[in-house]
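*Asks:* Give me a 3D structure for the following:
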Amino acid sequence: MARNVRLLHCTPDDVFRVLANGWLYPLWVVGTSRMRDVAESWPAEGSTLHHSFGSWPLVVNDTTVMREWDPPRRAVLEPHGGPIGVARVAIDVKARGDRCVVRIQEEPVTGPTKLLPDTVFDAITRYRNAETLHRLAYLAEGGAPGTTGGAAALGHESTAEKEPIDR
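*Replies:* Next comes the predicted model:
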């Protein structure tokens, strides 16, 4: 199971505000190229996002199902990657003063990636999810709709620029 952890300069509620807006999914999930539809019930458990991954002309339509929604602590998503298979992605958030720690864990459930040795899957996935957390930091720290206009408006710089990307 691949794990990444990052300290963000925002509250857990800010992180979950981004996760709750399905239309923002391609902005923080690496590999997602476009949104096709967001279920009206998103982010309720069992609801679905319809998106695509890849670059034109090799774009695959995909879905992600919300399996667990417990804001502002935990969300578990199940991306269905077409020929790549299904994965389980758990996002856990804990407050740390005026900041929060976000941990993302991903493991294959079905498909060819399940056949990869753990060390290979983890290395590839940790690299990708480091960038995913980098993007999530930009949005949660003030760059997403419903936030207060950017990290500078909050009186601090984004941790997305200050913290090294752990790859």
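*Asks:* Surely residue 128 is in contact with residue 31?
*Replies:* Yes: assessed by Cβ atoms under 8 Å, residue 128 is found in contact with residue 31 at 7.0 Å. Quick note: C-beta positions are derived from backbone N, CA and C, even for glycine.
*Asks:* residue ranges of the helices in this protein, please?
*Replies:* 12-20, 25-28, 118-138, 159-162 (DSSP state H).
*Asks:* Show me how far stretch 110-129 is from its chain's centre.
*Replies:* 17 Å (Cα atoms, centre = their mean, to the nearest Å).
*Asks:* And for stretch 103-121?
*Replies:* Worked out by Cα atoms, centre = their mean, stretch 103-121 lies 16 Å from the chain centre.
*Asks:* Over to stretch 45-54?
*Replies:* Put simply, stretch 45-54 sits 12 Å off its chain's centre (Cα atoms, centre = their mean).
*Asks:* Please apply the same query to stretch 124-142.
*Replies:* The chain centroid and the centroid of stretch 124-142 are separated by 7 Å under Cα atoms, centre = their mean.
*Asks:* Show the average pLDDT along it.
*Replies:* Averaged across stretch 124-142, the pLDDT comes to 93.
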